[in-house]
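Engineer: Mind folding the following:
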Amino acid sequence: MARIIVREEVCKGCEMCVNACPKKIIRLSKDRINAKGYHPAELIDEEKCIGCASCATMCPDVAITVER
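Structural biologist: Numbering: from 1, shown residues only. As a prediction, this is how the structure comes out:
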């Protein structure tokens, strides 16, 4: 099983990871805002993550790490 770790303090909510995820299991948080004023990305369903790292590859701020 894989999972992603989002460094929320770095995430600027650009949604590139949301669009890159083939399983569509990443979204921007609706209830959290980081210190920069952005809604950070979050994993919706960890069970469905396949560890493809598309989200991490697309992140321009290197805010996502994939653990397998």
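Engineer: Grab the most central residue of this structure for me.
Structural biologist: Against the mean C-alpha coordinate of the chain, by C-alpha atoms, centre = their mean, the closest residue is residue 41 at 4.3 Å.
Engineer: Now do the same contact list for it.
Structural biologist: Going by C-beta atoms under 8 Å, 6 or more residues apart in numbering, residue 41 touches 6, 11, 13, 15, 17-18, 26-29, 55, 63-64. For glycine as for every other residue, the C-beta is placed from the backbone atoms N, C-alpha and C.
Engineer: So which of those residues sit within helices?
Structural biologist: In this view, the contacts of residue 41 that belong to helices under DSSP state H are 17-18, 55.
Engineer: which one of the residues you listed sits closest to residue 34?
Structural biologist: If you rank the ones in helices among the contacts of residue 41 by distance to residue 34 using C-beta to C-beta, residue 17 comes first, at 14.7 Å.
Engineer: gap between residue 35 and residue 61?
Structural biologist: Residue 35 sits 14 Å away from residue 61, going by C-beta to C-beta, to the nearest Å.
Engineer: So between the two, which is more surrounded?
Structural biologist: More neighbours sit around residue 61 than around the other of residue 35 and residue 61, counting by other C-beta atoms under 10 Å; the figures are 11 against 7.
Engineer: how close does that one get to residue 47?
Structural biologist: 26 Å.
Engineer: what do you get for residue 35?
Structural biologist: In this view, residue 35 and residue 47 are 30 Å apart by C-beta to C-beta.
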